[in-house]
Every structure is written in structure tokens, then in C-alpha cells.
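**Q** Kindly generate the corresponding structure for this input.
(2 chains)
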Amino acid sequence: NAGVTQTPKFQVLKTGQSMTLQCAQDMNHNSMYWYRQDPGMGLRLIYYSASEGTTDKGEVPNGYNVSRLNKREFSLRLESAAPSQTSVYFCASSEGAGVNYGYTFGSGTRLTVV
Amino acid sequence: QKEVEQNSGPLSVPEGAIASLNCTYSDRVSQSFFWYRQYSGKSPELIMSIYSNGDKEDGRFTAQLNKASQYVSLLIRDSQPSDSATYLCAVARSFGNEKLTFGTGTRLTIIP
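**A** The predicted structure follows:
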């Protein structure tokens, strides 16, 4: 089925380890986003990519880097994981042109940093 | 002041009744408004979008927008136990390519 695919679904890291969260969409959307969701904090934007070749910081970018590999793929990297990065991470995509039709979300990655 | 505010709940509504969810936003230039439903442990899914003042109906759901009061609401008629979820309000500054700002969500429980 068409949609947004995130991998992995679950991950446990030790403090200081690095990892990359992968996201791919097959809806030919221009824009892609990475959010984290924490209890009581809602969804907070980490980074976004308005179109292939561009990336911009969101509300909480510290400790993360992103790569828009092509139109389909947008990855999120944690270079040196910290316990404060324990969260659920969602990738999303949108058409990004004309009327804002809202996002399609991936199924999420539950990350625990110990 | 948060950009998008919602009552966290929980909001308990009897089955068959109308559930009313409210959201206020602080940025007056906001143009696009969305309601997402999120079941526990799942990702958010879009249920309604609204761009103009007034009401927009889709099945049992009605979104209401009042830009002068900076207020958007979601009504769920004939509430069902399957409507029990957290409802997220999201706002964008423009109609086009624009990132969304989310509220923290309202947890709704439908009581059989």
C-alpha cells in the first residue's frame, strides 16, 4: 500500500551510540518531516525538507542531523545519543504545493536511550 | 503562550452522544487547520481539514473554524467506542507548503 515507511520500529541505544532512522514515501510528495512525540509535549518538529535538496531546522534540532537522499527518502541521524532523545519519532510527508492537504505519517520508531 | 492549545482531557462522553473537542491558536495569520486522530501506540491519521470560516461536515465529523476568535473545534456525532483516541489539532500559516504546529492533544473516551 502507498504510504510512509519508517525503519526500524523499535531501537534501544546506549548513551553515546549513533544511529540513523530511515524514512521513505511512495506518494511522490515534495515535503518530508521528522517529528518527535513525548508525553505532555505533543509532536515537535525536528527537521523538515520542503523539497528535494533542501533541509531546514524545526523546533528541536539539537543533537540531530538529516539527509534528503532523493525525493522519496529522508533520514534522521543521531550522532551521539542521549537519554533525553528517548522518544517516539514520526516521519511524515505532504504534497507541499498549492493547498495544504496535511500530512501522511509513518508508523513511528520507538527509541530508548539508556 | 503555546502556539496551539488543547485541553488534555480526558474527556468522557457516553456512547451515542456528541463529543466536542476544542482548540485555540495564537498566530493570527494561520490559514490551514487540521484534526488528527491518534490511537494509543499508533501514528496520527488525518480526519478533517478546514480552511474557511464556518462548518465543514464529513460523515459523523464536523469541523468548525472561527478565525476572528482564533478557535477551531471538532464535533463527533453519535460517538462510538471506536472513537476513543487522542485528537490532535494542527495549524499551518499558509495554504501551501508549510509545516504544521500541533497541539498536545485531547484524550477522548467514549463510555459504552
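**Q** Pull the contacting residues for the closest residue to residue A:89 other than its chain neighbours.
**A** Spatial nearest neighbour of residue A:89, chain neighbours left out: residue A:109 (4.6 Å); criterion: CB to CB, 6 or more residues apart in numbering or on different chains. Quick note: C-beta positions are derived from backbone N, CA and C, even for glycine. By CB atoms under 8 Å, 6 or more residues apart in numbering or on different chains, the residues touching residue A:109 are A:6, A:7, A:8, A:9, A:10, A:11, A:21, A:88, A:89, A:90.
**Q** filter the residues you listed to the buried ones?
**A** A:6, A:11, A:21, A:88, A:89, A:90 (16 or more other CB atoms under 10 Å in any protein chain shown).
**Q** Mind listing the residues bridging to the residue most central in space within chain A?
**A** Nearest to the mean C-alpha position of chain A, counting by CA atoms, centre = their mean, stands residue A:34 at 2.7 Å. Beta bridges link residue A:34 to residue A:47, residue A:91, judged by DSSP bridges.
**Q** burial of residue A:26, as a residue count?
**A** Neighbours of residue A:26 under the rule other CB atoms under 10 Å in any protein chain shown: 12.
**Q** wait, I meant residue A:39
**A** 8.
**Q** Which pLDDT value goes with it?
**A** pLDDT recorded at residue A:39 is 87.
**Q** for it, phi and psi?
**A** phi -50, psi 130 (degrees, to the nearest 10).
**Q** got a pLDDT number for residue B:5?
**A** Looking at residue B:5, its pLDDT reads 94.
**Q** What backbone torsions are found at it?
**A** The phi/psi pair for residue B:5 (degrees, to the nearest 10) reads phi -120, psi 140.
**Q** For it, name its beta-bridge partners.
**A** residue B:24.
**Q** same check, this time on residue A:66
**A** Here residue A:66 sits in beta bridges with residue A:76, as judged by DSSP bridges.
**Q** what about it, neighbour count?
**A** With other CB under 10 Å as criterion, residue A:66 counts 24.
**Q** pretty sure it contacts residue A:74?
**A** Yes - here residue A:66 reaches residue A:74: they are 6.6 Å apart, a contact under CB atoms under 8 Å.
**Q** Hmm, the residue nearest to the centre of chain A is touching residue A:23, no?
**A** Yes - taking contacts as CB under 8 Å, residue A:34 lies within contact range of residue A:23: 7.4 Å.
**Q** Give me the common contacts of those two.
**A** Common contact partners of residue A:34 and residue A:23 (CB under 8 Å, 6+ apart): A:74, A:76, A:91.
**Q** mind checking pLDDT for residue A:9?
**A** If you check residue A:9, the pLDDT there is 96.
**Q** Once you drop chain neighbours, what's closest to it?
**A** Of all residues not flanking residue A:9 in the chain, residue A:109 sits nearest, at 6.2 Å (CB to CB, 6+ apart).
**Q** Okay, the one you found and chain B: tell me how far apart.
**A** Distance, residue A:109 to chain B, using CB to the nearest CB, to the nearest Å: 10 Å.
**Q** Please name the bridge partners of residue A:43.
**A** Judged by DSSP bridges, the bridge partners of residue A:43 are residue A:37.
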